[in-house]
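*Asks:* Give me coordinates for this.
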Amino acid sequence: MQNLNEDNITRAVIAMHAGAENARLRELMTSLVQHLHSFARDVGLTEAEWFTGIRFLTDIGHITTDKRQEFILLSDTLGLSMLVTALNNRKPQGCTEATVFGPFHVEGSPRIPLGGDVANGAQGEPCFVRGSVVDLQGRPVPGAELQVWQADATGHYDVQYAAAGEGDHEHRARATLNVDALGKFHFKTIRAEAYPIPHDGPVGKMLEALGRHPWRPAHLHFMITAPGFERLITHVFRNGDQYLDSDAVFGVRSSLIADWIEHPPGVTPDGARSAIPFYTLDFRFVLNPLPAASGRAAAAGARTAPV
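*Replies:* Purely as a prediction, here's the structure:
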């Protein structure tokens, strides 16, 4: 394998993968090499540009921590995250659409009862959220688990704040709860606000160089799981937000836009009183059954169908 040149080096690299025992890895790496080499040929990549790209990726690695995932931000802002989400979440019509996961989910968020306070002291105007989780036939999915998280009024997630000391971090504006036997849920939180993704690092510099803004429209994150159904990772976006048509991470779907209804000061849905205006949001989530569960449901429907 000597005297390789720009015309035959791609074939030589791919040939080196022939001994890979993992067929899927071999397929992925073969395609990756083909596309990377084609990109370099198409744009006539210079050595200086190649080194700039290497430095850019190195800087992304340096800034990435357990609380800041710059590689996910890069994937998000290039539309790759949403493309992968779309490819892997094709659903029947009527199911709630999936969207990007984002870099700010945290495992082990506080578990609260129905009606509990997700905000837990996070800054923002009070908002009361209610809704339901159902299947494609509109039947409740009792006990479904909801993980909810959002930014506060300043545009920051709790993990973006420095803790006072080791182990002092307190979860805010995120929680886990379960729907009731009728598939219904309700909780208190704060109104979702638009916010910029972290743009003080390499990804922010890239966006600035491309003439792009870093803003995301106001939204609530949801991850919903239930036995027999596909996991749903999605957002609910606030209607009227100025960034709905220019989301920095391309995650908006019109079916996920909902109204945050403003109410004057007075009695709130939980029976308390608010001295300031508050908001309500109502949204229904429709889960997609797993293939085996779908088959069982169809069989049960056939057995119980009227004749």
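*Asks:* pull the longest helix from the protein.
*Replies:* Longest helix of the chain, by residue count under DSSP state H: helix 23-43.
*Asks:* Just checking the distance from that helix to the centre of its chain.
*Replies:* Put simply, helix 23-43 sits 27 Å off its chain's centre (CA atoms, centre = their mean, to the nearest Å).
*Asks:* Name the residues of it that are buried.
*Replies:* By neighbour count with 16 or more other CB atoms under 10 Å, helix 23-43 contains the buried residues 29-30, 33, 37. (C-beta placed from N, C-alpha, C; glycine too.)
*Asks:* swap in stretch 124-132?
*Replies:* Under 16+ other CB under 10 Å, the buried positions of stretch 124-132 are 124-129, 131-132.
*Asks:* Could you state which residue of the protein sits nearest its centroid?
*Replies:* Residue closest to the average C-alpha location in the chain (CA atoms, centre = their mean): Phe101, at 2.1 Å.
*Asks:* That one should be in a helix, yeah?
*Replies:* No - according to DSSP: H, G, I helix; E, B strand; the rest coil, Phe101 belongs to no helix; its state is coil.
*Asks:* Apart from its neighbours in sequence, what residue is nearest it?
*Replies:* Ile233 (5.3 Å; CB to CB, 6 or more residues apart in numbering).
*Asks:* how distant is the helix or strand hosting the one you found from the center of its chain?
*Replies:* Assigned by DSSP states H and E, Ile233 belongs to strand 232-238. How far strand 232-238 lies from its chain's middle: 8 Å, per CA atoms, centre = their mean.
*Asks:* Who are the packing partners of it?
*Replies:* With contacts defined as 3 or more CB pairs under 8 Å, 6 or more residues apart in numbering; DSSP states H and E, strand 232-238 has these neighbours: strand 219-225, strand 257-258, strand 278-286.
*Asks:* out of those strands, nearest to Gly211?
*Replies:* Nearest to Gly211 among the helices and strands packed on strand 232-238 is strand 219-225 (23.9 Å), distances taken as CB to CB.
*Asks:* quick check, distance from the closest one to the centre of its chain.
*Replies:* 8 Å.
*Asks:* What are the buried residues along it?
*Replies:* Applying 16+ other CB under 10 Å to strand 219-225 flags 219-224 as buried.
*Asks:* Rebuild these as TSV, extending it with distance to Val203 and pLDDT.
*Replies:* Listed next are the buried residues of strand 219-225 as TSV, based on distance: CB to CB, whole Å; pLDDT from 0 to 100:
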residue	distance to Val203	pLDDT
His219	19	97
Leu220	23	98
His221	20	97
Phe222	25	98
Met223	24	98
Ile224	29	98
